[in-house]
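[1] Kindly return the folded structure for what I paste below:
(2 chains, ligands or ions: 2)
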Amino acid sequence: MNTDWQTWTALGVVIVTAGLFVLRAMRKKKGGCSSCGGANAPIPKH
Amino acid sequence: MPAAAPASDLRTDKATRESVFALVGNPNCGKSTIFNALTGLKQKVANYPGVTVEKREGTCFNQHGKRIHLIDLPGTYSLNVHSPDEAVVRDVLLGRRADTPRPDAVILITDASNIERNLYLATQVLELGLPTLLVLNMTDVAEAKQWRIDVGKLSQRLGVSVVPMQATFGKGLVELKAAMSKLGSADFQPVSSNVHPARPSASGNELEARSPSQAGSLCHLPIPPDILGGLQQTRADLIRSGTVSENVSLLEPLYLISDHDPAHYGIEDSLVNRLAAAHDVLEKKLPGWEDRLAASRYEAVEKLLLDVLRRPERDESTTTDRLDSVFLHPIWGGVCMAAIMLAVFYMIFSVAEGPMDWIDKITGSTSGWIEANMPAGDLRDLIANGIIVGVGGIVKFLPQILMLFFLIGMMEDTGYMARVAFIMDKFMGRVGLNGRSFVPFFSSYACAVPGIMATRTIASPKDRLITILIAPLASCSARLPVYTLMIAAMFPANGVSTLQKASLMLSMYVLGTGGAFAFAWLFNSTMAKGRSSLMVLEMPTYKRPSLRHVARYMLERAKMFLVRAGTVILGLSILLWAAKTYPKPGTPEPADTAAKVAYRSSQLSHSFAGRAGHFIEPVIKPLGFDWKIGIGLISSFAAREFFVSTMGIIYAVEDDGDDNVEPLKQKLAEDRWPDGRPIFTPLACLSLMVFYVFAMQCLSTVAVVKRETNGWKWPIFQIAYMTAAAWLASFVVYQGGRLLGF
Ligand SMILES: Nc1nc2c(ncn2[C@@H]2O[C@H](COP(=O)(O)OP(=O)(O)OP(=O)(O)O)[C@@H](O)[C@H]2O)c(=O)[nH]1
Ligand SMILES: [Mg+2]
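    Ligands and ions are numbered 1, 2, ... in the order given. This is a model prediction of the structure:
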C-alpha cells in the first residue's frame, strides 16, 4: 500500500512537470538564458 | 514601420499624461548610470562602449513629485546612424517608433573629458528643437586631466541649462532633478537659437533660413547654404512621392537618407529605394555634402570650445596612459592578458573549492536523511535521487559562478575589458571581424544570449551575422560545471595542483576562442561580401571599480542562476528521473546485493533514457563516449549544464545502509565498459570537454538567434555546424590521443 501511493504521486509529479514544459513551450517564447547566471537583461519587445 | 510615424497620436493627450524624457549621448558617457540613479532601476552599466543596445524605460519623480517617464537609449556618436542600436536613438528622437511616444524633452549627456566629440552629437540633437538639458558628466575625469570647462558660458552659448555631474558618486543628481523640473514646467522657454554663435553670419557661410513652420526646429544650423537648399529640395521631393508625411521637419529626411542600410532598421521596403535614390540625387548635385556638413559642425564646436574650455598646453600623461603603456604594449600586453586570465581561473578553482564541498555535503546528507526517514518507493527515489541530486548537482557550482561574475565585473568596471578587446582586435581583424564584434563576442563568455543581442551595434549585416554565428563558441558560464566535473573526473586522486587544473580550464577557453576565429574566417571567406565598415575602438579611461556595483552585478547573476536551478533544472531533473525509471521491469528487485546491482543496471539500460542512449551510442563511441554519456548529451541539449545533473541522476544509486556517499567523480572513475576498461579515462574526459567547447546545446541561444535573424534558417545552420564541429573535434582528440598511446 505504502509503495502504491508513492508510485502514483511520483507519476503525478512527472505528468504535471511535463505539462508545465509543454505550456511553457506553447506560450510566446520569452528567450533569455538565465542559466549562465545569464548576463542578460530581459529581452526587449520589438 | 512607415516613415511617417503614428507618434503624433501618442502625443495628443500630452497635457494629461506624464512627460517623457529621453537620455541621449555618446557611448560610455554614463547614460545608464544616470538612468539607474534617477529611476532606482538596475540597467547594466560597464566601462566600455556599446553596453545598452535597446531602449529601456523607467519612471522617476522630479522635485515637485511629478512623474516623469524616462527612456535610456543606446549610445551614439551621431544621428546619422549606421547600426541597429543607433537607429533606435534616431527613431525615438524623431518620434518614428510606434511603441514609444516622441520625447517631450531630451537629457543630453556628455562626457566632459571628451567634450569635443560629445558636442558634435549635441549640435544635431539641439537642432531638433526639443527642450534640452545638457549634463556634463565625468567632470572628475576632466579635472584629472586639468581641463576647466566654463559651465556658465557653455550654458549661455548653447541656450540650455548645463548640469555638471559625477554620476558614479551621485554628485549633481539633485541639481539634475531641479533642472529637470524646470524643463518639464509649463513656462519653459524653447531652446534659444543661439546654438553656434561663433560663426560670423557675414561670411555667408551660414544661413539663417527659417521657414515659418520650421522656426522652432531650425536653430542656427551650421549647414552650408547649398546643402541646406539641397536638403529642402530633397524634403519636397520625398513629400511629393509620399515617402514622408508633410509635417516632417527638414532634419528628418536628412537622417533618413543618410541611413545607408534602411532595410535593416524597420523602414518599409518600398520606401527604402526612394530614400536611397534621394540620397544619390543629392550626392550627385553636391558631391561630398555629408563630409562637408560634418566638418562644419566640428568647426562650430571647435569655435565654441575656444571660449569655454581651458586645458593645459600639452595634456599630461595620465594614469590611463601609463597603465596602457604596459597593458597595450605589443609584447607585455599579451603576457599580462594571459597572466590575468590564468589568475582568473585559478581563483575560480581555489576560492570556490571549499564552499562547493560544503554544498555537496549538504545535498548528500539531505538525500541520506530522506532515505533514512521515508519508506522506500518511487516518490522517495524521485526526491532523493532525482530532484535533490539534479538540482543540488547544479547549485553546487554557485560559488564558481559567483567568483566568475565577480571577476568579469571587476574587469568590466575598471576598463580592462576594453584593453582585452584592443589586443584581440588584431586577431579579429585578421579573420575579418571588425572591432565592434568584440563586445558581443566577449559578453558571450558570460552568456551567449546578451552577447548575441549586443551584435546590434554592428553596422554591417554580414559582420553581424557572422558574429551571431560564432558567439556561442565563447565558453559561457554554463560550460563551467561541465568542465569542472570532467577535470575532477580526470584527476580523481588529489595529486594535481590547482594551477594545472586552472591551466586546463583556460586551454578550453582558448580552444573555443580559436575555434570561433577559425569559423569567422571561414564564414567571412565563403559568404557574399557585404559592405564592411571601419570602426575605431574607443578606449575608456581606467576607473576604480565600484565594489557596490560589482557586488550587485554578481548577486544578480547568482539570483538568475538559482532561479534557473529551481525551475528549468528542477523540471528537467524530474523528467530525466522518469525517463530513467520507466518502463519498470516486471520482476521485483532481488534482495541479494550483487544481483541487485545487475538488476538495476539492466533496468537503466532498458529505460526510455537508456534506450535513447543506446540508440546514439554507435555515433558517439568513436569519441570515447558510452550510452550513459549519450543520455547526458541528449538531455543537455536544452541546457548544457544539465549534463552534470544528468550524470548525478544516472549514477545515483540508493545507498544500502552505508552512509558514506561517494562523490560523483569517484563513481564516474569507477565505471567500466563491458570489457572492463574504464570509461572516464583522462582522454575520454578531455574528448567530452572538447565536445562541449563546440556543441550548441542551449535552447535559449537558439531562440534568440531565431529572433535576431528573423527565421529558422540561421539557428538551424548554427546547430548543424556547431554539432558537426563538436563531433569532429572530439573525434580528433580521442582517436589522435589513442594513436599517441594515451
Ligand atoms: N569617473 C566617472 N565614471 C563614471 C561617471 N559616470 C559613469 N561612470 C562610469 O562610466 C562607465 C560607463 O557608464 P554607463 O552608464 O554604462 O555608460 P552608458 O552611456 O550607458 O554606455 P552605453 O550604454 O555603452 O552607451 C561605467 O564604468 C560607469 O561606472 C562619472 O561621473 N565619473
Ligand atoms: Mg548604457
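[2] didn't B:Val395 look like it was pressed against B:Ile362?
    No - B:Val395 is beyond contact range of B:Ile362, at 9.2 Å (criterion: C-beta atoms under 8 Å). To be clear about C-beta, it is placed using only N, CA and C from the backbone, and glycine gets the same treatment.
[3] okay, those two: which has more neighbours?
    Set B:Val395 next to B:Ile362 and count neighbours by other C-beta atoms under 10 Å in any protein chain shown: B:Val395 wins out with 22 against 14.
[4] contacting residues around the residue nearest to the more buried one when sequence neighbours are not counted?
    Excluding its sequence neighbours, the residue lying closest to B:Val395 (C-beta to C-beta, 6 or more residues apart in numbering or on different chains) is B:Ala565, at 5.2 Å. Shown in contact with B:Ala565 (C-beta atoms under 8 Å, 6 or more residues apart in numbering or on different chains): B:391, B:394-395.
[5] now the end-to-end length of stretch B:71-83.
    19 Å (C-alpha to C-alpha, to the nearest Å).
[6] same question, stretch B:312-327
    26 Å.
[7] quick check: mean pLDDT across that stretch?
    In this model, stretch B:312-327 carries a mean pLDDT of 81.
[8] Repeat that for stretch B:434-443.
    The model assigns stretch B:434-443 a mean pLDDT of 80.
[9] Buried residues in the helix or strand where B:Pro618 lies, which are they?
    Counting by DSSP states H and E, the element that carries B:Pro618 is helix B:608-620. Of the residues in helix B:608-620, B:608-610, B:612-614, B:616-617, B:620 count as buried by neighbour count, 16 or more other C-beta atoms under 10 Å in any protein chain shown.
[10] low-scoring stretches of chain B, by residue?
    Counting by pLDDT under 70, chain B contains low-confidence residues at B:1-17, B:184-222, B:259-270, B:315-316, B:494, B:528-537, B:653-662.
[11] Which residue would be the closest one in it to ligand 1?
    Ligand 1 sits closest to B:Gly75 of chain B, with a gap of 2.6 Å, by C-beta to the nearest ligand atom.
[12] How about that residue: what's its closest non-neighbour residue?
    B:Gly75 sits nearest to B:Pro27 (C-beta to C-beta, 6+ apart), 2.9 Å away.
[13] Count the neighbours of the one you found for me.
    B:Pro27 has 21 nearby residues by other C-beta under 10 Å.
[14] Pretty sure it sits against B:Val53.
    No - B:Pro27 is beyond contact range of B:Val53, at 10.3 Å (criterion: C-beta under 8 Å).
[15] Give the residues shared as contacts by the two.
    Common neighbours of B:Pro27 and B:Val53 (C-beta under 8 Å, 6+ apart) are B:Pro74.
[16] domains of chain B?
    Domain assignment of chain B by automatic domain parsing yields the ranges B:19-194, B:206-310, B:565-739.
[17] Would you point to the one among the ones you listed that's packed deepest?
    domain B:19-194 (a mean of 20; mean count of other C-beta atoms under 10 Å in any protein chain shown).
[18] does B:His69 belong to a helix or a strand, and which?
    strand B:67-72.
[19] Pick out the residue of the stretch 51-200 of chain B closest to chain A.
    For the stretch 51-200 of chain B, the residue closest to chain A is B:Glu54, as judged by C-beta to the nearest C-beta, at 4.1 Å.
[20] Over to that residue. Which of the three states is it?
    coil (DSSP: H, G, I helix; E, B strand; the rest coil).
[21] ok now do it, which residues does it touch?
    With C-beta under 8 Å, 6+ apart, B:Glu54 has these contacts: A:44, B:74, B:85, B:88, B:453, B:456.
[22] Phi, psi for it please.
    For B:Glu54, the backbone dihedrals (degrees, to the nearest 10) come out as phi -130, psi 170.
[23] before we move on, what about B:Leu134?
    According to degrees, to the nearest 10, B:Leu134 has phi -100, psi 120.
[24] Run through the bridge partners of the residue lying closest to B:Pro103 once chain neighbours are set aside.
    Computed as C-beta to C-beta, 6+ apart, the closest residue to B:Pro103 that is not its neighbour in sequence is B:Ala22, at 3.8 Å. Bridge pairing for B:Ala22 (DSSP bridges) gives the partners B:Ile71, B:Val106.
[25] Could you double-check that B:Ala22 lies in contact with B:Ile109?
    No - using C-beta under 8 Å, B:Ala22 is not in contact with B:Ile109, being 10.4 Å away.
[26] hang on, the earlier thing: how about the secondary structure of the residue of chain B closest to ligand 1?
    Secondary structure of B:Gly75, per three-state DSSP, is coil.
[27] Next, the contact list for it, please.
    Counting by C-beta under 8 Å, 6+ apart, B:Gly75 has contacts B:25-29, B:31, B:49-52.
[28] ditto for B:Phe169
    B:Phe169 neighbours (C-beta under 8 Å, 6+ apart): B:Asp140.
[29] From B:Leu286, how far out is it?
    As judged by C-beta to C-beta, to the nearest Å, B:Phe169 and B:Leu286 stand 47 Å apart.
[30] next one: B:Asp99
    36 Å.
[31] relative to strand B:67-72, how tilted is the one helix or strand B:Leu176 maps to?
    Per DSSP H and E, B:Leu176 falls inside helix B:173-184. Counting by axes from the mean of the first three to the mean of the last three C-alpha atoms, to 10 degrees, helix B:173-184 points 110 degrees away from the direction of strand B:67-72.
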